[in-house]
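Novice: 3D, please:
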Amino acid sequence: MTQQQQPTPPSTNISLGLLVLDIIGMALVVFAGYEIYLINEKNSGVLAEYISWPHYPWIIMGIGVVLMIPFHKQIFSLFRKVKQYQKELAEKNRPDF
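Specialist: A predicted model of the protein is given here:
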């Protein structure tokens, strides 16, 4: 009987900096959504007095989404590693007939 090497589980090294960027990005998206609501419903936003261009909330929302991308790429990469580990573990634990 041959000794098979145990697959190593993937490391869960989630970057704290990317998590902070994700939280800031989410806050910007929520703020931009609220700003769009205020502009459409009450014709005045929080920043409307300071910024004359009417589409500025969409730029804020885009910046928020861009800030969220690196963290989500890291999460999806970790997800792929976990799925690969599960596949290797299933192949190792498959009975020999």
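Novice: got a list of what the residue nearest to residue 21 when sequence neighbours are not counted touches?
Specialist: Excluding its sequence neighbours, the residue lying closest to residue 21 (Cβ to Cβ, 6 or more residues apart in numbering) is residue 67, at 4.9 Å. The C-beta positions use only the backbone N, C-alpha and C, and glycine is treated the same way. Residue 67 sits next to 21, 22, 24, 25, 28 when contact means Cβ atoms under 8 Å, 6 or more residues apart in numbering.
Novice: Could you pull out the helices in this structure for me?
Specialist: For the chain, helices defined by DSSP state H occupy the ranges 16-42, 56-92.
Novice: wait, which of those helices is closest to residue 10?
Specialist: Closest approach to residue 10 among these (Cβ to Cβ): helix 56-92, 3.7 Å.
Novice: That closest one vs helix 16-42, what angle?
Specialist: For helix 56-92 against helix 16-42, the angle by axes from the mean of the first three to the mean of the last three Cα atoms, to 10 degrees is 140 degrees.
Novice: So that it lines up with my notes, have the first residue be 51 from now on.
Specialist: Done: numbering now begins at 51, and the last item shifts to helix 106-142.
Novice: show me where pLDDT drops low in this protein?
Specialist: Within the chain, the ranges that satisfy pLDDT under 70 run 51-54, 146-147.
Novice: which ones are touching the residue nearest to the spatial centre of it?
Specialist: Nearest to the mean C-alpha position of the chain, counting by Cα atoms, centre = their mean, stands residue 122 at 2.7 Å. By Cβ under 8 Å, 6+ apart, residue 122 lies in contact with residue 72.
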